[in-house]
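# predicted structure and sequence below. I'll ask about it afterward.
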Amino acid sequence: MTMKLNCDLGEGYGSWKMGLDSLAMPHIDQANIACGFHAGDPQWMLKTLALAATHGVEVGAHPGYPDLVGFGRRSMKCSADEVHGLMLYQMSALDGMARSHGLEMTYVKPHGALYNDMMANSELRGQIMQAVAKFYRPIRLVLQATPEASEHRKEAAQYGIEVAFEAFADRCYADDGKLLARSKEGAVHTKDKMLAQVLQLVEKGTITTVSGHELTLDVDTLCVHGDNEAGVRSIEAIREMLS
């Protein structure tokens with residue numbers, strides 16, 4: 001299995017810096033760049049795009065709910081028109097800035113609560129897919145890899161869009177293929193367990209759930225985190241494993 005590494009970056013705001021973007025960027029394939037709603041601002045977007053250009057990293061929009069205070073981790077009740085608008089606004093902002101750096105935005109991956117709500121709610125997922133389909137050129141939508149991947153691919157085909165499926169390197173999975181809630185013990189893997197999970201995905205295309213069941217996942221890209229020095233070291237270890 002060939003997998004890309006993606007990482008959420010550009011999540012500073014004003015004088016507030018979050019993450020070690022300059023250390024993580026050299027080791028990843030895809031940068032999910034915050035677009036100003038949950039984090040990020042024009043200067044942070046430009047800085048992150050410049051880093052991506054320097055290291056030859058593919059860039060994608062990372063839109064979230066309009067929730068700077070909650071870092072986009074709180075669900076919001078948005079109408080279909082609001083979902084359409086917030087998606088297109090954020091994708092368009094990053095697309096225009098990327099073009100100014102000679103880059104092309106190739107995908108979109110919703111952030112935080114918007115991502116989780118999209119995976120749990122077929123109506124919202126359809127609204128997001130429709131917004132991606134309405135973008136002026138084709139881009140891929142990143143969805144979580146689950147046992148329902150074939151159904152999600154069919155949904156996307158109805159809107160004429162392509163999807164890419166992602167797994168999470170450091171997260172434990174529940175038996176239904178969803179991520180184990182962070183509030184539960186063992187939800188986030190130790191480094192050894194994380195590397196073992198990545199190796200299992202690469203060699204067998206499966207993950208082992210919290211109860212010990214083996215699930216097959218269709219995975220195109222692997223989400224890693226560069227929030228701190230330990231996270232960056234983990235990215236380096238995964239990069240070495242995949243090389």
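Great, that's in hand. Numbers count the residues shown, from 1 in each chain.
# next one: Ala187 from Ala39, what distance?
22 Å (Cβ to Cβ, to the nearest Å). Using the backbone N, CA and C atoms, a C-beta is placed for each residue, glycine as well.
# these two - which one has more neighbours?
Neighbours were counted for Ala187 and for Ala39 using other Cβ atoms under 10 Å; Ala39 has more, 26 against 16.
# need the contact list for the more buried one.
By Cβ atoms under 8 Å, 6 or more residues apart in numbering, the contact list for Ala39 reads 10-13, 18, 64, 68, 71-72.
# from those residues, list the buried ones, please.
10-13, 18, 64, 71-72 (16 or more other Cβ atoms under 10 Å).
# can you redo those residues as CSV with secondary structure?
CSV is the format used below for these (DSSP: H, G, I helix; E, B strand; the rest coil):
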residue, secondary structure
Gly10, coil
Glu11, coil
Gly12, coil
Tyr13, strand
Met18, coil
Gly64, coil
Phe71, coil
Gly72, coil
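# quick check, nearest of the contacts of Ala39 to His27?
Gly10 (16.3 Å; Cβ to Cβ).
# so where do the strands sit in the chain?
Secondary structure of the chain (DSSP state E): strands located at 4-9, 30-34, 58-62, 105-108, 140-144, 163-168, 206-208, 214-216, 221-224.
# of these, which stretch is the most buried?
strand 30-34 (a mean of 28; mean count of other Cβ atoms under 10 Å).
# show me how far stretch 208-224 is from its chain's centre.
16 Å (Cα atoms, centre = their mean, to the nearest Å).
# now the terminal residues of that stretch, how far apart.
Stretch 208-224 has an end-to-end distance of 18 Å (criterion: Cα to Cα, to the nearest Å).
# and it, what's its mean pLDDT?
Mean per-residue pLDDT for stretch 208-224: 94.
# you'd agree Asp67 is up against His38?
Yes: assessed by Cβ atoms under 8 Å, Asp67 is found in contact with His38 at 5.7 Å.
# between these two, which is the more surrounded one?
The neighbour comparison of Asp67 against His38 (other Cβ under 10 Å) goes to His38, with 28 against 19.
# so what pLDDT did that one get?
So, for His38, pLDDT stands at 97.
# list the contacts of it.
11, 64-68, 70-73, 111-112.
# how close does the closest residue to it other than its chain neighbours sit to Pro110?
Spatial nearest neighbour of His38, excluding adjacent residues (Cβ to Cβ, 6 or more residues apart in numbering): Gly72 at 2.7 Å. From Gly72 over to Pro110 the distance is 9 Å, taken as Cβ to Cβ.
# any common contacting residues for the two?
In contact with both Gly72 and Pro110: Gly64, using Cβ under 8 Å, 6+ apart.
# wait, the residue nearest to His38 sits on Gly40?
No: under the criterion of Cβ under 8 Å, Gly72 makes no contact with Gly40, lying 10.3 Å away.
# okay, among the contacts of His38, which ones form the most distant pair?
Glu11 and Pro66 (15.1 Å).
# low-scoring pLDDT stretches of the protein, where are they?
The model of the chain has pLDDT under 70 over residues 1.
# what about the spatially most central residue of it, distance to Asn32?
Nearest to the geometric centre of the chain sits Lys109, at 4.8 Å (Cα atoms, centre = their mean). Using Cβ to Cβ, Lys109 is found at 5 Å from Asn32.
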